[in-house]
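In: Mind looking at a prediction? Sequence and model below.
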Amino acid sequence: MKPSNSQLDVLDVAPQQLVPKALKAIKSRRAGNSTITGDPYIEQECAAIQEHENEQAEVVVVCEPEGTSLMMGGLHPRASLYERPVNLESAKKAHSEFRRVMREHGIKVLTVRDILKYGVSDHMGARVDLEELAMKALKYSMAEGFTHADLNEQDRHYVSEEYKKEVLEHMSIHQLIDTILINPTVHISPSYRDTGLSASYTFKPLSNLVYTRDQQITTCRGVVSGRLRSQQRQLEVELMRFCFRKLGLPVVGEIEAPGYLEGGDFFPAGRDLALVGIGLRSNFEACHQLMERDLLGTRRLAVVKDQFEQHQDRMHLDCVFSILGDDCCLMMEEMMGEDSPTKRLVDEWTRDDATGGYNLTRQNVEFSEFMRGEGYSIVPIKAEHQLKYGCNILNLGNSRIISVHAETARQIVRFPGFAGDVQTIAFDAITSMYGACHCSSAVVRRIPRRYENTDVARGMPVPAADNGSTHTTSSNGDGAVAGHLGKHSSHTSSSPFHAIPIPGAGRGATTAIDIVNRSSGSLGHGQSGPFPRSSGSFRNNALAVEALNRQFME
């Protein structure tokens, strides 16, 4: 069986001790694609890092909308925090296309299921870790109206932790993962016949895990686990933390009660500035913990306060705002200006080098005024387009944008201050669950520009600068904008067609489609753009293919 793209990407990121001998040489060759290899200190520092939303994304964790947990969520969408009823087959197709687009830009896209499966069949330690996570998810309890005293001494064993452990040890990997994702409670009562016991079941499925943004943030310091407002989503935080630690990505801290922090409220804007939205979901106590524990790694924190609206349709900062480039952002027009009844106000906190603490340096600055003061031009997004997730874009780095709304995409590419590339994808089946592409992606590694290898050092030709008008668009079949290259920005580094190195370009890119059947040096799917991809690592290597398949055995 051919390894999937996600499995290859997990192999790239997984710690060396979980890599079988048959795959170590292949992992080493594939590592040559990294833009930060060569200095062990730099590689360690960059294991999980986000300094700026416009820097090149390299590792993204997603969760495919499939399995029993998503099916359960679709049974009652409103109670599952969904916006509309869900067609899971359509959602799978939309999400698959989302992953394909990211991989065509050289990004390693890892799925939660593949991370959980990886190495479990070959490494007892990985198997035990997965069983222990399932132990927390699976619960045995006496049914209402019954106590342990209603069971005979022999039957009490079957409600014990020892019996649960035995049950999990006999499960397949697939069973263990499903148990973790549906969080079942088995309610036991005496039946006085047959086996002497009967059971009923309740579940708390992780039906919102498709939105992998929310459970954590990634800062200049590393991954910080959040704390979600919705009680039914709290278990997602522990699951994602398990995935990061399995991958060797540092979790440098976590938000504790009474703090609340959800990833959709966080934007990195360089080593000088980070932004956190507070209101309906996140709160200032979380901001205080981020500053007090030095989890940001930035000189300043802008706390963007939603004091006047706090509406579910604009629950997070990324519902109304996003960063498009080094000096360009978008923002919902309705909330801009001092006179707006739904305006956001910014408190700026600045780090004192002498004490290491943060002090309040500015207060109640209107948000659009604050961003303009930071040198950003603003694309104003209509309220009706915000409701169609026009603001919830994903910046892959260097102003390469994925959008789910064609009209917003057109507005971005026509904006004089934007120079980059916008691609739209059909995502309605995912937005039905109350989120779009930014919500659906946990970017855990962006390459800091100070660590990028230069094109010259990597032996790559530097494309000529674009001096003419390059405003171009193409249709993806439904009239949506597929791409644009602008000429207006004064910062050429924002353009993906200038000399910013792209992981996946040139020597041995590793996430291309159908990697097993390509000869070494052949062109990968989608190479027609500026991001060529090629690899022949698995060609004629049946042992390596078998070893990789075994790592994801269910």
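Out: Noted; the coordinates are in hand. Numbers count the residues shown, from 1 in each chain.
In: quick one, what contacts residue 64?
Out: 92, 95, 96, 111, 112, 113, 210 (C-beta atoms under 8 Å, 6 or more residues apart in numbering). Just so you know, the C-beta spots here come from the backbone N, C-alpha and C atoms, and that holds for glycine as well.
In: mind listing the strands in the stretch 1-150 of the chain by residue range?
Out: Using DSSP state E, counting those that start in this stretch, the strands found in the stretch 1-150 of the chain span residues 57-62, 108-111, 139-142.
In: err, the stretch 251-400 of the chain, not the other one
Out: Assigned strands in the stretch 251-400 of the chain, in chain order: 251-254, 266-268, 273-278, 300-305, 321-323, 328-332, 345-351, 358-366, 377-381, 394-395, 400-403 (criterion: DSSP E, counting those that start in this stretch).
In: Return the per-residue confidence for the nearest residue to residue 219 once chain neighbours are set aside.
Out: The shortest distance from residue 219 to any non-neighbouring residue, by C-beta to C-beta, 6 or more residues apart in numbering, is to residue 296 (5.2 Å). Per-residue confidence (pLDDT) for residue 296: 98.
In: on that earlier part again, compare the contacts of residue 64 and tell me which has the most neighbours.
Out: Most neighbours among the contacts of residue 64, by other C-beta atoms under 10 Å: residue 112, with 25 neighbours.
In: follow-up on the earlier one: which one, of the strands of the stretch 251-400 of the chain, ends up nearest to residue 444?
Out: strand 251-254 (10.3 Å; C-beta to C-beta).
In: partners of the closest one, with directions?
Out: Strand pairing for strand 251-254, using DSSP bridges, gives strand 223-225 (parallel).
In: Could you check how many residues crowd around the closest residue in space to residue 58 that isn't next to it in sequence?
Out: Leaving aside its sequence neighbours, residue 58 sits nearest to residue 445 (C-beta to C-beta, 6+ apart; 4.6 Å). For residue 445, the count of nearby residues is 26 (other C-beta under 10 Å).
In: Show me what the host helix or strand of residue 445 is packed against.
Out: Per DSSP states H and E, residue 445 falls inside strand 442-446. In terms of contacts (3 or more C-beta pairs under 8 Å, 6 or more residues apart in numbering; DSSP states H and E), strand 442-446 is packed against strand 57-62, strand 216-218.
In: Residue 263 against residue 223, yeah?
Out: No: the pair residue 263 and residue 223 does not pass the contact test of C-beta atoms under 8 Å, sitting 10.1 Å apart.
In: what do the two both touch?
Out: In contact with both residue 263 and residue 223: 216, 217, using C-beta under 8 Å, 6+ apart.
In: re the thing from before, give the contact list for the residue nearest to residue 219.
Out: Shown in contact with residue 296 (C-beta under 8 Å, 6+ apart): 219, 220, 221, 274, 290.
In: Distance check, the first one against residue 422.
Out: Here residue 219 is placed at a distance of 27 Å from residue 422 (C-beta to C-beta, to the nearest Å).
In: In terms of neighbours, single out the busier of these two.
Out: Ranked by neighbour count (other C-beta under 10 Å), residue 219 and residue 422 place residue 422 first, with 27 against 23.
In: Are we agreed that the more buried one is in a helix?
Out: No: counting by DSSP: H, G, I helix; E, B strand; the rest coil, residue 422 is not found in a helix; it is strand.
In: In contact with residue 74: list those residues for me.
Out: Shown in contact with residue 74 (C-beta under 8 Å, 6+ apart): 80, 82, 85, 86, 88, 207.
In: Would you tell me which helix is longest in the protein?
Out: As assigned by DSSP state H, the longest helix anywhere in the chain is helix 88-104.
In: Would you mind putting the CA coordinates of stretch 404-418 into CSV?
Out: Provided in CSV are the C-alpha atoms of stretch 404-418 (Å, rounded to 0.1, in the frame of the first residue of the first chain):
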residue,chain,number,x,y,z
VAL,A,404,-13.0,30.5,1.1
HIS,A,405,-14.9,33.5,-0.3
ALA,A,406,-14.5,34.6,-3.9
GLU,A,407,-15.7,38.1,-3.5
THR,A,408,-13.4,38.8,-0.6
ALA,A,409,-10.5,37.3,-2.7
ARG,A,410,-11.3,39.7,-5.5
GLN,A,411,-11.3,42.6,-3.1
ILE,A,412,-7.9,41.6,-1.7
VAL,A,413,-6.2,41.3,-5.1
ARG,A,414,-7.6,44.6,-6.2
PHE,A,415,-6.4,46.4,-3.1
PRO,A,416,-3.4,48.7,-4.0
GLY,A,417,-1.5,47.7,-0.8
PHE,A,418,-1.5,44.0,-1.4
